[in-house]
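In: sequence below, structure please.
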Amino acid sequence: MKKNISVHGLKHSFTTHLLEIGTDICYIQELLGHKSSKTTEVYTHVSKIESPLNKI
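Out: Sure, this is the predicted structure:
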């Protein structure tokens, strides 16, 4: 199955991964050039999969 990749999708993935590794939401907001953190939150979708490292 072929999936289409868009800049918008990459933006969502980028911000989600930054948040998952512990990057501060304010820093992500600055990177994206948003004035409101609410706008930034639209682009962040935290994974529901728990990292095995959390069990250590």
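In: switch to C-alpha atoms for all contacts and neighbour counts from now on
Out: Will do.
In: what about residue 29, how many residues nearby?
Out: Using other CA atoms under 10 Å, residue 29 has 19 neighbouring residues.
In: so what's it closest to, chain neighbours aside?
Out: In this structure, residue 29 finds its nearest non-sequential neighbour in residue 40, 5.6 Å apart by CA to CA, 6 or more residues apart in numbering.
In: list the buried ones in the helix or strand where the one you found lies?
Out: Per DSSP states H and E, residue 40 falls inside helix 37-42. For helix 37-42, a neighbour-count test (16 or more other CA atoms under 10 Å) marks residue 40 as buried.
In: again, but for stretch 23-35
Out: Within stretch 23-35, the residues that count as buried by 16+ other CA under 10 Å are 25, 28, 29.
In: and the residue positioned nearest the centre of the chain, how far from residue 1?
Out: Most central in the chain under CA atoms, centre = their mean is residue 16, positioned 1.6 Å from the mean C-alpha point. Counting by CA to CA, to the nearest Å, the separation of residue 16 from residue 1 is 24 Å.
In: residue 30 versus the residue nearest to residue 29, what's the distance?
Out: 9 Å.
In: repeat that for residue 41.
Out: Applying CA to CA to residue 41 and residue 30 gives a distance of 12 Å.
In: got it, and residue 38?
Out: 13 Å.
In: over to residue 18?
Out: 13 Å.
In: same thing with residue 5?
Out: Taking CA to CA, one finds residue 5 at 24 Å from residue 30.
In: same deal with residue 10?
Out: Distance from residue 10 to residue 30, by CA to CA: 17 Å.
In: please name the residues that touch residue 37.
Out: 25, 26, 29 (CA atoms under 8 Å, 6 or more residues apart in numbering).
In: secondary structure and pLDDT added to those, as JSON lines?
Out: JSON lines is the format used below for the contacts of residue 37 (DSSP: H, G, I helix; E, B strand; the rest coil; pLDDT from 0 to 100):
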{"residue": "25", "secondary structure": "helix", "pLDDT": "87"}
{"residue": "26", "secondary structure": "helix", "pLDDT": "90"}
{"residue": "29", "secondary structure": "helix", "pLDDT": "90"}
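In: what ranges do the helices span in the protein?
Out: Taking DSSP state H as the test, the helices found in the chain are 7-20, 25-32, 37-42.
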